[in-house]
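Q: What follows is a predicted protein model with its sequence.
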Amino acid sequence: MKLSFCRAFHQNVNVRTALAESIMEPYLRFLHTYVSVSSPHLGYMYNLKSLFNPGLWLLKKFKSTRCIHQLTFTNDPDLYNTFFYRQYKHIAIVGCKWKSSVMESGHGD
């Protein structure tokens, strides 16, 4: 059996989060290919789009959700305890099990 994922946009966050769950542990040895296209690999920490930032600020101010805080690295005062940082730290360990992986993204994604 081979498990491969080809995801785009925010679906990548879902895949990476699922792979970090302990219930997936028995299946990690079957990981084969991971293709990630146009995903917020770094969250929105470095987003430079001028219209996007005010909109994101409004969302955080008036409809504060866990997801928005995770994507903007504001879910914990310590950067090393944020959702994306912990996820990537775990994925770095799990990622060694992929036979091949491709991650494509622009600086604004």
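A: Received the coordinates, thanks. The shown structure was predicted, so the numbers you read here are calculated from the model rather than taken from an experiment.
Q: And the strands in this structure?
A: Along the chain, the stretches classed as strands by DSSP state E are 3-8, 31-37, 41-44, 100-104.
Q: what's the closest of those strands to Ile23?
A: Nearest of the strands of the chain to Ile23, taken as CB to CB: strand 3-8 at 13.9 Å. Every C-beta, even on glycine, is put in place using the N, C-alpha and C of the backbone.
Q: How about His69: what's its closest non-neighbour residue?
A: For His69, ignoring the flanking residues on the chain, the nearest one in space by CB to CB, 6 or more residues apart in numbering is Asn75 at 4.0 Å.
Q: Am I right that the one you found is in contact with Arg66?
A: Yes. In this structure, Asn75 is within contact of Arg66 by CB atoms under 8 Å, at 6.7 Å.
Q: Comparing these two, which shows the higher neighbour count?
A: A side-by-side neighbour count of Asn75 and Arg66, using other CB atoms under 10 Å, places Asn75 first with 16 against 9.
Q: In contact with that one, which residues?
A: Arg66, His69, Thr82, Phe83 (CB atoms under 8 Å, 6 or more residues apart in numbering).
Q: Go ahead and confirm Lys97 touches Thr33.
A: No. Using CB under 8 Å, Lys97 is not in contact with Thr33; the gap is 11.6 Å.
Q: Can you show me the helices along this structure?
A: Taking DSSP state H, the helices of the chain run over residues 11-19, 52-62, 66-71, 83-94.
Q: Make JSON lines from those helices and add mean pLDDT and distance to Pro26 to it.
A: Shown next, in JSON lines, are the helices of the chain (pLDDT from 0 to 100; distance: least, CB to CB, whole Å):
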{"stretch": "helix 11-19", "mean pLDDT": "79", "distance to Pro26": "12"}
{"stretch": "helix 52-62", "mean pLDDT": "76", "distance to Pro26": "38"}
{"stretch": "helix 66-71", "mean pLDDT": "80", "distance to Pro26": "27"}
{"stretch": "helix 83-94", "mean pLDDT": "76", "distance to Pro26": "13"}
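Q: Since that was my last question, I'll sign off now.
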